[in-house]
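**Q** this is a predicted model, with the sequence first.
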Amino acid sequence: MRRDWETLQLCDRFFDAIEQKDYDTLASCYAPEAVVWHSHDCRYQSREDNLAMLKQGMTTQQKVRFRKRRIRTFEGGFVQQHTIEVTWQNGFEGRMDVCFVGYTRDGRLTRAYEYFDTAQVDRFLGPR
Amino acid sequence: MTEGEIRELCEAFFDAYENRRVDVLDRLYADDCIVWHNVFGRETSRDENLERFHDSYRGQRRRTYDDRTVNTFHDGFVIQYSLNGVQTSGHRGSLWICIVGRCRDGRITRIDEYMDSSKFGAWAGTSEVTS
């Protein structure tokens, strides 16, 4: 049975947790076997490595917002299109258009695919 | 549209791209269809896309839309796939793409395309694969 509201809640909880730098809630959204694939290297990242990366982001990013969230749920997951806006510690405000496809089981994320254009990384990270 | 019909529409659309059936694409795009590309950050019309179709195949011998994972929802679909191409030089390249499509009355009304343009050189055989 499709439980779209549960999937929507999970999606919002996941991205809200990143915005609010709520690591414990973020980690609870992932199933133990979760993996995350990124379009820049086309590889699966383990749950631990991904959480470590996100945790580091919580310290290096002053502010993170997922704007223009457009969410659709389907059997076994969801797709969210958004623009991530980050204020870095040096004050630079970066942005990137992202498509995130999440697959779920028992209310948690088991696999995620993140698509973005790394050619626009300067617009996202700013001067380095 | 039922989700089964949306899935069939999605498959027909990518089959048409693969088989260079512009006549089919013309039928499957709604008149007011908008296509947005993340690499350009702007919207284009259905007519612009149809006009550019043959240009997009320039230098390519063959292109296939493989490993399609399609999921549907009440008004559209999301498809994840690998685009595999063989250039006239014999070079083979791949791109990994995600498209979110919106549908109405048997046709596609909007397409949002996400890909990584830093891989275009490797795709076309004009630079080494970086990852």
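**A** Perfect, I can see it now.

**Q** which SS class is B:Arg27?
**A** Following DSSP: H, G, I helix; E, B strand; the rest coil, we place B:Arg27 in the helix state.

**Q** can stretch B:109-117 be found next to chain A?
**A** Yes. Stretch B:109-117 reaches chain A (CB under 8 Å from any CB of the partner chain) through B:112, B:114-117. Where you see a C-beta, it was placed from the backbone N, CA and C, and this is true even at glycine.

**Q** pLDDT score for residue 54?
**A** Just so you know, I chose chain A. With respect to pLDDT, A:Leu54 has a value of 96.

**Q** could you do chain B instead?
**A** Per-residue confidence at B:His54 stands at 85 (pLDDT).

**Q** any idea how far chain A is from the closest residue to it other than its chain neighbours?
**A** Among residues not flanking B:His54 along the chain, B:Val22 sits closest, at 7.7 Å (CB to CB, 6 or more residues apart in numbering or on different chains). Using CB to the nearest CB, to the nearest Å, one gets 26 Å for the distance from B:Val22 to chain A.

**Q** show me where chain B has its strands.
**A** All strands of chain B, identified by DSSP state E, fall at B:29-37, B:42-45, B:60-73, B:76-87, B:92-104, B:107-114.

**Q** could you dump those to TSV with distance to A:Ile18, mean pLDDT and mean neighbour count?
**A** Output for these, formatted as TSV (distance: least, CB to CB, whole Å; pLDDT from 0 to 100; neighbours: other CB atoms under 10 Å in any protein chain shown):
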stretch	distance to A:Ile18	mean pLDDT	mean neighbour count
strand B:29-37	24	97	17
strand B:42-45	27	95	13
strand B:60-73	23	96	16
strand B:76-87	21	97	20
strand B:92-104	20	97	20
strand B:107-114	19	98	20
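
**Q** let me know the closest of the residues of stretch B:109-117 next to chain A to A:Arg111.
**A** Proximity of these to A:Arg111, judged by CB to CB, is greatest for B:Tyr114, which lies at 17.0 Å.

**Q** any figure for the gap between the closest one and B:Val86?
**A** From B:Tyr114 across to B:Val86, the span is 24 Å (CB to CB, to the nearest Å).

**Q** tell me the contacts of residue 94?
**A** Assuming you mean chain A. Contact analysis of A:Gly94 by CB atoms under 8 Å, 6 or more residues apart in numbering or on different chains lists A:85-86, A:88, A:123-126.

**Q** wrong one, chain B
**A** Here B:Ser94 is in contact with B:82-85, B:123 (CB under 8 Å, 6+ apart).

**Q** what do you get for B:Ile34?
**A** B:43-46, B:109-111.

**Q** what's the farthest-apart pair in these?
**A** B:Thr44 and B:Thr109 (13.9 Å).

**Q** list of residues touching the lowest-mean-pLDDT helix or strand in chain A?
**A** Lowest mean confidence among the helices and strands of chain A (mean pLDDT, DSSP states H and E): helix A:121-125, at a mean of 88. For helix A:121-125, the external contacting residues (CB under 8 Å, 6+ apart) are A:84, A:86, A:88, A:92, A:94-96.

**Q** the same query, at a cut-off of 7 Å, please.
**A** By CB atoms under 7 Å, 6 or more residues apart in numbering or on different chains, the surrounding residues in contact with helix A:121-125 are A:94-96.

**Q** name the nearest of these relative to chain B.
**A** Nearest to chain B among the contacts of helix A:121-125: A:Met96, at 8.9 Å, using CB to the nearest CB.
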